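Undergrad: Attaching a predicted model along with its sequence, questions to come.
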Amino acid sequence: MLTQKEIVLGVAGSIAAYKAAEILRGLCRLGARVTVVMTRNATKFVSPLTFQTLSGQKTVCGLFDPVEEFKPEHIALAQKADLLLVAPATANVIGKFAAGIADDSLTSLFLSVRSPIMLAPAMNPAMYANPFVQRNLRILADEGVVIIEPEVGEVACGESGKGRLAPIEDIINQVVEILSGKSPLRQRKVVVTAGPTREYLDPVRYLSNGSSGKMGFALAKAAFRRGAKVTLISGPTSLPRPSVGIEYIPVVTASEMMQALDEHFSSSSVVIMAAAVCDFKPVCRASQKIKKSSSSLTSIELETTPDILKHLGRMKKDQILVGFAAETENVEANALAKLQEKNLDLICSNDLTQKGAGFEGDTNIVTIIDAHRKLLHLPLMSKEKVAEKILDKIEQLLIERFG
Ligand SMILES: Cc1cc2nc3c(=O)[nH]c(=O)nc-3n(C[C@H](O)[C@H](O)[C@H](O)COP(=O)(O)O)c2cc1C
């Protein structure tokens, strides 16, 4: 898959540097020619000899090391690289990249490459959450650097949180995606909605549902990995907000979600409504908390919230519009009716009564139905895998529609 591809693998001084050896092996197995560029501090964690032996290429470390060719190594490499992947990227190199500092081989190379650049940060969760690190990542992402977000989990120092290097398989998949560059989603605007909405009765009480937002977040991240420009409009969730590259718009109520969609719909190519929007809201919203003692409240009068999908279905021009149907009975029949009624291109239905499907868990069981009523039954799988399947289907539709 990566034959003829020249990849420069940058390795910085993180405890995760040893994982770069596995990344290197994976890339070489796919046929890439990989040259490793290490920071001086990275050589304290793994020997350059390890990378040299695995890659069959000289490992570049010092900016002022003697060179065989006339050109300095970082310039020669920059000219032939199809991709610069820095994995692991430390807080330090991220800061230097963002500031345009070039005081070693890796940072000098960073400023001279013309190829796509991908960074896979790895660091202690507090370092990763640090506003300066986050600001630097945003600066880089805004300039088109692809950030492969770290995982949430236990890191080497024993702390837990977001900071562990992304799984090696994910990093390699993203390299393949970016270098094969075939996704019709590339550079297209994809809007994803996620999570529940809240419809308030008074300042503290609301109607809502158990949507965790995981499905929508997985879709947004997967679309971003395929090169789409992603806007994620999300109701309240406890998920860490995707920090870089993805435009994030937090909303609370169905009306706010609709307003955000109105702003973004006409400029989008794909809209995926994974949010579980409340269908009803209290007719009146009390301005003060309703007191148990003083109130004679025994029932709540409800009205319907705006039907966002129907509204988008009416506005639709050449957008691909994807809906979700979470049902507890007549799942397929209800999904098909919703597909037609709302003028959707795809509907992803799930049966909330099935074990492993639905709102809060990490897995889902989805059937994807297209406008020709063609059904694709997916078995129980992680929400990340479901997201990939849905995006595969959307890519097919984009190819059918735009070639
Ligand atoms: C044992 C150890 C582990 C470290 N792990 C990380 C890490 O995972 N991520 C990180 O950003 N910094 C880590 N550091 C700090 C960096 O090594 C330090 O910031 C260094 O200046 C990075 O240099 P470089 O970016 O030029 O490679 C670690 C330091 C030590 C001593």
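TA: Thanks, I have it.

Undergrad: Name the spans of this protein whose pLDDT lies under the cut-off.
TA: 66-72, 243-244, 294-295, 358 (pLDDT under 70).

Undergrad: Show me which residues of it sit near the ligand.
TA: Residues of the chain found near the ligand (Cβ under 6 Å from any ligand atom) are 12-16, 39, 41-42, 90-93, 122-123, 127. Any C-beta I mention is one placed from the backbone N, CA and C, and that applies to glycine too.

Undergrad: who wins for neighbours among the residues you listed?
TA: Ala12 (31 neighbours; other Cβ atoms under 10 Å).

Undergrad: which ones are touching the residue of the stretch 101-250 of the chain found nearest the ligand?
TA: Across the stretch 101-250 of the chain, the shortest distance to the ligand (Cβ to the nearest ligand atom) belongs to Met123, at 3.5 Å. Applying Cβ atoms under 8 Å, 6 or more residues apart in numbering to Met123 gives the contacts Ser14, Pro88, Thr90, Ala91, Val133, Pro150, Val155, Gly163.

Undergrad: looking at it, the fifth one is touching Ile94, isn't it?
TA: The one in question is Val133. Yes: if you go by Cβ atoms under 8 Å, Val133 and Ile94 touch, sitting 6.3 Å apart.

Undergrad: Can you work out which residues contact both of those two?
TA: With Cβ under 8 Å, 6+ apart, Val133 and Ile94 have common neighbours Pro121.

Undergrad: Closest to Gln187 out of the residues of the chain next to the ligand?
TA: Val93 (27.2 Å; Cβ to Cβ).

Undergrad: one step back: just the contacts of Met123: which are in helices?
TA: Ala91, Val133 (DSSP state H).

Undergrad: okay if I get the contacts of Met123 as TSV plus distance to Ala326?
TA: Output for the contacts of Met123, formatted as TSV (distance: Cβ to Cβ, whole Å):
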residue	distance to Ala326
Ser14	41
Pro88	38
Thr90	42
Ala91	40
Val133	37
Pro150	30
Val155	35
Gly163	33
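
Undergrad: Just give me the closest of the contacts of Met123 to Ser234.
TA: Set against Ser234, the nearest of the contacts of Met123 by Cβ to Cβ is Pro150 (20.3 Å).

Undergrad: Pull the contacting residues for that closest one.
TA: Ala120, Pro121, Ala122, Met123, Tyr128, Lys162, Gly163, Arg164, Leu165, Ala166.

Undergrad: give me that answer again for 10 Å
TA: 16, 88-89, 120-123, 125, 128, 161-166, 243 (Cβ atoms under 10 Å, 6 or more residues apart in numbering).

Undergrad: picking up where we left off before, make sure I have this right: the residue of the stretch 101-250 of the chain closest to the ligand is in a strand.
TA: No: assigned with DSSP: H, G, I helix; E, B strand; the rest coil, Met123 falls outside any strand and is coil.

Undergrad: ok, the closest residue to the ligand within the stretch 251-400 of the chain - how many residues close by?
TA: Of all residues in the stretch 251-400 of the chain, Glu384 sits closest to the ligand, at 23.9 Å by Cβ to the nearest ligand atom. The tally of other residues near Glu384 (other Cβ under 10 Å) stands at 17.
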